[in-house]
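**Student:** pasting the structure only:
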């Protein structure tokens, strides 16, 4: 689903005019924000095309990638939920379908029967390995317009935004 429905972003002059009416409007901030949303929307559309091409849902792909990243190490559902930024209930649903499709297996912890670990099955490992080359091509194509310095600068700026949003979220939680 698109994050931003505007076909054309407002010209900077329009933002300047709006700032006269709304003093709290910072034209450069609004311009940057709208471009960020537009870019996120376009990236999301590319990701969705990739997922359709491989007939896999984003959530399932995320879980498979997280387990693949663990290599031979197992992960708990709670760990995966935290890493994916979803609830444990959502993760349980994703794991259930991946297990049904024989892509992951649940294993009881030998020291604590209450703990379950997840691993990719050979079939799951094969699926991830078959998708990864195209995933890397897709991501590289999206980032291709930026040179190495531009990529590093983008990462730095995005990390600043992420840190600011984390602080903002923490403050709103404390205010509530």
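**Tutor:** Cool, the structure landed. Just so you know, these numbers come straight off a predicted model, no measurement behind them.
**Student:** buried sites along the strand or helix carrying residue 152?
**Tutor:** Element membership of residue 152 [criterion: DSSP states H and E] is helix 148-175. Residues of helix 148-175 include none that count as buried (16 or more other CB atoms under 10 Å). For the C-beta atoms, the positions are set from N, CA and C on the backbone; glycine is no exception.
**Student:** what's the answer for stretch 90-105, then?
**Tutor:** For stretch 90-105, using 16+ other CB under 10 Å, the buried residues are 91, 94, 95, 98, 103, 104, 105.
**Student:** hang on, the earlier thing: could you check how far the helix holding residue 152 is from the centre of its chain?
**Tutor:** On the basis of CA atoms, centre = their mean, to the nearest Å, helix 148-175 sits 15 Å off its chain's mean C-alpha point.
**Student:** same question for stretch 119-127.
**Tutor:** From the chain centre to the centre of stretch 119-127 is a distance of 22 Å (CA atoms, centre = their mean).
**Student:** on that earlier part again, among the buried residues of stretch 90-105, name the ones in strands.
**Tutor:** Using DSSP state E, the members of these that fall in strands are 104, 105.
**Student:** using a markdown table, lay out the buried residues of stretch 90-105 together with distance to residue 151 and pLDDT.
**Tutor:** Putting the buried residues of stretch 90-105 into a markdown table (distance: CB to CB, whole Å; pLDDT from 0 to 100) gives the following:
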| residue | distance to residue 151 | pLDDT |
| --- | --- | --- |
| 91 | 31 | 94 |
| 94 | 31 | 96 |
| 95 | 34 | 96 |
| 98 | 32 | 97 |
| 103 | 32 | 97 |
| 104 | 33 | 96 |
| 105 | 37 | 95 |
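**Student:** pick out the most distant pair among the buried residues of stretch 90-105.
**Tutor:** Largest separation among the buried residues of stretch 90-105 by CB to CB: 91 and 105, giving 15.4 Å.
**Student:** and the helices in the protein, which stretches?
**Tutor:** For the chain, the helices defined by DSSP state H occupy 12-21, 27-53, 58-69, 77-84, 88-100, 122-143, 148-175.
**Student:** looking at stretch 119-137 now, give me its mean pLDDT.
**Tutor:** Summarised as a single mean, pLDDT over stretch 119-137 is 95.
**Student:** touching it from outside, list them.
**Tutor:** Contacts to stretch 119-137, defined as CB atoms under 8 Å, 6 or more residues apart in numbering, come from residues 50, 53-54, 56, 61, 64-65, 67-68, 72, 74, 98, 102-105, 107.
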